[in-house]
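1. Here is a sequence together with a model predicted from it:
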Amino acid sequence: MSERISREDLVKIYNIEITFFDELVDYGLLQVETENNVRYLMYEDLPALEKFTNWYYDLEINIPGLEVIHEMLQKMEHLQQKNRELMNKLSAISAQYEDI
């Protein structure tokens, strides 16, 4: 089993409201596991929680805004990956023509 931390511990450690955490889950921004009525966040998802917490509390971006920004960043990362793949293919094709 992967390492995880309870919602209650996260609220104490990050000094966030429990409703904020629950809204992130409700909007699909965080995925949690539930066991014995306790919600757990996987350690690998902590950077996402930290990012959302900073945006929400420091930049005062509301939850729907977090969702929009998150989706846009995911799309941008996907496009960057596609761009790298296309550039690699183009480089391979260029190398083939150079050999001719």
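-> Sure thing, it's come through.
2. which residue ranges form the strands in this structure?
-> Along the chain, counting by DSSP state E, strands occupy 4-6, 32-35, 38-42.
3. Could you measure from residue 41 over to residue 19?
-> According to Cβ to Cβ, to the nearest Å, residue 41 and residue 19 sit 15 Å apart. C-beta coordinates here come from the backbone N, C-alpha and C atoms, glycine included.
4. neighbour-wise, which of these two wins?
-> Each of residue 41 and residue 19 has its neighbours counted (other Cβ atoms under 10 Å); residue 41 has more, 22 against 10.
5. Could you report the pLDDT at the more buried one?
-> Looking at residue 41, its pLDDT stands at 97.
6. these two touch, right, it and residue 24?
-> No: here residue 41 does not reach residue 24: they are 9.4 Å apart, not a contact under Cβ atoms under 8 Å.
7. since we're on the closest residue in space to residue 13 that isn't next to it in sequence, how many residues are nearby?
-> Excluding the flanking residues, the one nearest residue 13 by Cβ to Cβ, 6 or more residues apart in numbering is residue 5, at 7.9 Å. A count of nearby residues for residue 5, using other Cβ under 10 Å, gives 15.
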